[in-house]
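J.: No letters, just coordinates:
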């Protein structure tokens, strides 16, 4: 099982990659919302959201709260 710290590290790596692509001019609204299969952004939104929500769930579990 992946730890919270590993998930956070993955999110940071994904953010860094996204920023690099954006600075190169490779991120457009179309490439973000409708990425071509096999592109760097293919599955990015879904994976990032899934990881981010797991980190939120982990934080709630740590303090005993619910979202």
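T.: The structure has been received and is ready for your questions. These numbers were taken from a predicted model, which means no experiment stands behind them.
J.: so how far is residue 46 from residue 19?
T.: Residue 19 sits 19 Å away from residue 46, going by CB to CB, to the nearest Å. (Each C-beta comes from the backbone N, C-alpha and C, glycine too.)
J.: what's the answer for residue 28, then?
T.: 18 Å.
J.: quick one: which of those two has more around it?
T.: Remark: of residue 28 and residue 46, residue 28 carries more neighbours, 12 against 9, as counted by other CB atoms under 10 Å.
J.: Now the spatially most central residue of the chain: phi and psi?
T.: What sits nearest the mean C-alpha location of the chain, by CA atoms, centre = their mean, is residue 48, with 2.0 Å. The phi and psi values for residue 48, taken as degrees, to the nearest 10, are phi -60, psi -50.
J.: is it true that it touches residue 10?
T.: No - Residue 48 is beyond contact range of residue 10, at 9.1 Å (criterion: CB atoms under 8 Å).
J.: mind listing what the closest residue to the residue nearest to the centre of the chain other than its chain neighbours touches?
T.: Leaving aside its sequence neighbours, residue 48 sits nearest to residue 14 (CB to CB, 6 or more residues apart in numbering; 5.5 Å). Shown in contact with residue 14 (CB atoms under 8 Å, 6 or more residues apart in numbering): 44, 47-48, 51.
J.: Can you say which helix or strand has residue 14 in it?
T.: helix 4-23 (DSSP states H and E).
J.: Return, as residue ranges, the portions of the protein with sub-threshold pLDDT.
T.: 1 (pLDDT under 70).
J.: go again using 90 as the cut-off
T.: For the chain, applying pLDDT under 90 flags the ranges 1-4, 59, 61-67.
J.: in stretch 45-55, what's buried?
T.: residue 51 (16 or more other CB atoms under 10 Å).
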